[in-house]
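# Curious how this folds, go ahead:
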Amino acid sequence: MTDVSRLLDAAHRGDPHAAAELLPLVYDELRGLAAAKMANEKPGHTLDATALVHEAYARLTGGQSFESRSHFLRAAARAMRRILVDHARARNAAKRGGQARRVELDPNHPAIAPTDARLEALDEALSRLAVEYPSQAELVQLRYFAGLTLDECAQALGVSSRTADTWWAFARAWLAVALGES
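Numbering: from 1, shown residues only. So this is what the prediction gives:
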């Protein structure tokens, strides 16, 4: 059992020191994921990578149990997705409106600066995808919201790189249709 797995287990059992010991071990990795995601956000976003990491970490250490480091990272990706989508919804609630726009599903594309409406549209489509194809939806979540490479996604999901590549192509096509982009 790795130090991270041991500390995750101890934190779940209620050890107050485990969460404090865990943060330094996973902080750099979480910070990298958050920085990659925040680089894709529009300029002037009120959250920064550090705030995103801290909020995600706070949500993750609230009594959940994790089987492994990859399970923890998948949960971190979900937490970051929820935080960013909730943040976008809160901003949109004040604006009341906005047209849905094209959502580019290439997390490494430098021109991506998703608007709140685009992020909400992607979140809704991703939720629909998860109903029928949960593995593919989780891959999109890891890729888009956590900024993992396909190889890192394959490892986190316990599948081959080729399977991850096939799932990615399928999910992109499915989401394009769901978002009216085909």
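# From here on, just use CA atoms for contacts and neighbour counts.
Will do.
# In this structure V140 contacts A169, no?
No: using C-alpha atoms under 8 Å, V140 is not in contact with A169, being 10.1 Å away.
# More neighbours: these two, which one.
V140 (28 against 12; other C-alpha atoms under 10 Å).
# before we move on, what SS does the more buried one have?
Secondary structure, DSSP: H, G, I helix; E, B strand; the rest coil: V140 is helix.
# What's the separation between it and L23?
Relative to L23, V140 is positioned 25 Å away (C-alpha to C-alpha, to the nearest Å).
# Look at E138 and report its pLDDT.
For E138, the model assigns a pLDDT of 91.
# That one: neighbouring residues, count only.
Neighbours of E138 (other C-alpha under 10 Å): 22.
# Does A178 touch A125 like I think?
Yes: the pair A178 and A125 qualifies as a contact (C-alpha under 8 Å) at a distance of 6.2 Å.
# Which stretches in this protein count as helices?
Taking DSSP state H, the helices of the chain run over residues 3-12, 16-39, 49-60, 69-95, 116-132, 134-140, 150-157, 161-178.
# And the closest residue in space to L175 that isn't next to it in sequence, how far from A35?
In space, and not counting its chain neighbours, L175 is closest to A125: 6.4 Å by C-alpha to C-alpha, 6 or more residues apart in numbering. Distance of A125 to A35, computed by C-alpha to C-alpha: 24 Å.
# do R91 as well
For R91, the distance to A35 - C-alpha to C-alpha - is 21 Å.
# mind listing what L25 touches?
Going by C-alpha atoms under 8 Å, 6 or more residues apart in numbering, L25 touches V4.
# thinking again about what came up before, now do the same contact list for the residue nearest to L175.
A125 makes contact with 175, 178-179, according to C-alpha under 8 Å, 6+ apart.
# Count residues in the vicinity of D3, would you?
12.
# what does R69 give?
16.
# My guess is it contacts R6. True?
No: using C-alpha under 8 Å, R69 is not in contact with R6, being 10.1 Å away.
# For the residue lying closest to L126 once chain neighbours are set aside, give its distance to V4.
Spatial nearest neighbour of L126, chain neighbours left out: A137 (6.1 Å); criterion: C-alpha to C-alpha, 6+ apart. Distance of A137 to V4, computed by C-alpha to C-alpha: 26 Å.
# Which pLDDT value belongs to the residue nearest to L175?
89.
# And it, how far from V140?
Using C-alpha to C-alpha, we find A125 at a distance of 11 Å from V140.
# how about A35, what does it touch?
Contacts of A35 by C-alpha under 8 Å, 6+ apart are 48-49.
# how about a cut-off of 6 Å?
A49 (C-alpha atoms under 6 Å, 6 or more residues apart in numbering).
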